[in-house]
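Asker: make a model of this:
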Amino acid sequence: MSRLISDLGIIKKLQKALTDLEITVATDIQQQVVPLILEETVDVIALAKTGTGKTAAFGLPLLQLADPEDENIQTVILAPTRELSTQIFNNLKEFSKYIPEVSVVLLTGGSTTKSQIEELKSATQIIVATPGRFLDLLEKDVFSLKAVKHLVLDEADEMFQALKEDLMPILKAMPKERRTFLFSATMPGELKDIVHNYMSKNAVSLQSGMVNIGHEGIDHQYLVVEPIEKLDVLLHFLNTQEGGRGIIFCKTKAAVNKLAKNLAIRKISSGALHGSLTQGIRDRIMEQFREGYIDILVATDLVARGIDVKELAYVVNYHLPDTPEAYVHRSGRTGRAGAKGLSMTIIQQEEVKDIAVFEEELGIQFKPAKKADAEAIEWNNTLVWARKVFKTKPNRDIPEEVKNQVKTIFHHLTKEELVDKVISNYLAEHTKE
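Answerer: Numbering: from 1, shown residues only. You can find the predicted model right below:
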């Protein structure tokens, strides 16, 4: 049964901020976690997917427990990416609107260390950070961890997979008398070892929305293609999703750049996201995506972890992820809040066996999708070309004399005849390639 957040022990000032945000009903993870953090002294291990309200589940009670009279750092929240850290920070600032005496500081690679060091000279109760920047400032003795009472590890599976070298020294530097709250969509073996070594043996384990890790609202499909036709098949798929927004996942930064360039050449509304881009560029692309100015993101796994955009119609695995855990995080970007979503994986014949492994590991079923035939691909490429022509800006440098001569050549043709001839010319040229 749904409960109001006001019934979970949250103070009035936090409730008022939530009312401003039109948040009144607690999600399942919030109902389970908020009272545990506020009323108990235990560690918490929560298996929960992104989009279940995790940030409020740990953020609200930790804001409430913060002591503004104590100028030391009391809570550290670590997340794997700048995007996710920034999202958590922004949420906490919204939640703490009426308790400005509690200071929250963001430490990520998007800002200079000098500006962050200056910010930390003021009283700071809560830090939200990526492990890399946090460790960098910790090793510079910019702050002390002696008063830390609470440590949050969000998207823990991804952090331990990609950022273990930064994370382990941080865990070792934390006071032993602290509470740890670990949130993860999956629990791989390596993470279980960390839980055993760095968390209380009495830690409370709970799950939220993980009955079917594949998410019942997501349709999992795969297409088997030859390498040479992979891009054309993707373009055909995107045409079937016209009007919907989605994310295309690639394994490497180079693959992201190459695919994004191919889409840009065809004037398909898209943006690339990977770790080598500056934070300013990444923020701008994300803002364009959230606001609907671009329809498609091409991204690597880690960078995409901070993406929480509603109403994504699909995700495409242009390259199969390395692990079942990574697949969960990719597919979990769509089918949120009860909506339907599609996770399409484009693979080669030798990768079909990996699909069976994912099915067994995750308890989900992939449906084989029928690949478009050569004729459908050809006609789709014609439409892609036509849209490209439509979106091409006129060249103002073409001499009027040349334009008039061209008009003279075409003037006796009807619009239908001209379209027929242009398409025929395109197909003839395309067939030669």
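
Asker: burial of Thr392, as a residue count?
Answerer: 9 (other CB atoms under 10 Å). Yep, even glycine has a C-beta here, placed from its N, CA and C like the rest.

Asker: contact partners for it?
Answerer: If you count contacts by CB atoms under 8 Å, 6 or more residues apart in numbering, Thr392 has them with Lys267.

Asker: quick check on it: phi, psi?
Answerer: phi -70, psi 130 (degrees, to the nearest 10).

Asker: equivalent analysis for Ala428, please.
Answerer: phi -70, psi -40.

Asker: quick one: it from Asn197, how far?
Answerer: Distance, Ala428 to Asn197, using CB to CB, to the nearest Å: 67 Å.

Asker: just the strands in the stretch 1-150 of the chain please.
Answerer: 3-4, 25-26, 44-48, 75-78, 104-107, 126-129, 150-153 (DSSP state E, counting those that start in this stretch).

Asker: in CSV: the ones you listed, plus mean neighbour count and mean pLDDT.
Answerer: CSV is the format used below for the strands of the stretch 1-150 of the chain (neighbours: other CB atoms under 10 Å; pLDDT from 0 to 100):
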stretch, mean neighbour count, mean pLDDT
strand 3-4, 14, 81
strand 25-26, 18, 88
strand 44-48, 22, 88
strand 75-78, 26, 97
strand 104-107, 23, 96
strand 126-129, 26, 97
strand 150-153, 24, 96
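
Asker: out of the ones you listed, the one nearest Ile294 is which?
Answerer: Nearest to Ile294 among these is strand 104-107 (25.4 Å), distances taken as CB to CB.

Asker: please save the CA atoms from the closest one in CSV.
Answerer: C-alpha atoms of strand 104-107 as CSV (Å, rounded to 0.1, in the frame of the first residue of the first chain):
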residue,chain,number,x,y,z
VAL,A,104,26.1,20.4,0.6
VAL,A,105,29.2,20.5,-1.7
LEU,A,106,29.7,18.9,-5.0
LEU,A,107,33.2,17.5,-5.9
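
Asker: any idea how far it is from the chain center?
Answerer: Between the centre of strand 104-107 and the centre of its chain there are 20 Å (CA atoms, centre = their mean, to the nearest Å).

Asker: what residues does it touch?
Answerer: 85-86, 89, 92-93, 96, 116, 119-120, 124-130, 133-134, 137.

Asker: at 6 Å instead, please
Answerer: Phe89, Leu92, Gln116, Glu119, Thr124, Ile126, Ile127, Val128, Ala129, Arg133, Phe134 (CB atoms under 6 Å, 6 or more residues apart in numbering).

Asker: can you confirm Thr180 is in a strand?
Answerer: Yes - the assignment for Thr180 by DSSP: H, G, I helix; E, B strand; the rest coil puts it in a strand.

Asker: now do it against Lys258, distance only.
Answerer: 41 Å.

Asker: those two - which one has more neighbours?
Answerer: A direct count of neighbours by other CB under 10 Å for Thr180 and Lys258 places Thr180 higher, at 21 against 15.

Asker: local confidence estimate at the more buried one?
Answerer: For Thr180, the model assigns a pLDDT of 95.

Asker: check Trp385 too.
Answerer: Trp385 is given a pLDDT of 83.

Asker: check contacts around it.
Answerer: Residues in contact with Trp385 (CB under 6 Å, 6+ apart) are Tyr426.

Asker: so which strand or helix has it?
Answerer: helix 374-391 (DSSP states H and E).

Asker: could you list the buried residues of that helix?
Answerer: Ile377, Asn380, Asn381, Val384, Trp385 (16 or more other CB atoms under 10 Å).

Asker: can you check stretch 220-239 too?
Answerer: 220-225, 230-239.

Asker: sorry, back to before: which of the contacts of strand 104-107 lies closest to Thr108?
Answerer: For those, the nearest to Thr108 is Arg133 (5.4 Å; CB to CB).

Asker: any idea how far His274 is from the closest residue in space to that closest one that isn't next to it in sequence?
Answerer: Leaving aside its chain neighbours, Arg133 sits nearest to Leu107 (4.8 Å; criterion: CB to CB, 6 or more residues apart in numbering). For Leu107, the distance to His274 (CB to CB) stands at 21 Å.

Asker: please apply the same query to Lys164.
Answerer: 20 Å.

Asker: cool, Gln64 as well?
Answerer: Gln64 is 37 Å from His274, by CB to CB.

Asker: on that earlier part again, beta-bridge partners for the residue nearest to Arg133, please?
Answerer: Ala129 (DSSP bridges).

Asker: so where's the stretch 51-200 of the chain uncertain?
Answerer: Scanning the stretch 51-200 of the chain with the threshold set as pLDDT under 70 gives 51.

Asker: just the helices in it please.
Answerer: Counting by DSSP state H, counting those that start in this stretch, the stretch 51-200 of the chain has helices at residues 54-65, 82-95, 113-120, 131-139, 156-162, 164-173, 189-198.

Asker: which residues touch the third one?
Answerer: If I follow you right, that is helix 113-120. Against helix 113-120 from outside (CB under 6 Å, 6+ apart): Val105, Leu107, Val142, Phe143.

Asker: ok, so of those, who is nearest Glu287?
Answerer: Leu107 (21.5 Å).

Asker: quick one: neighbours of Ala260, just the number.
Answerer: Ala260 has 22 neighbouring residues, counting by other CB under 10 Å.
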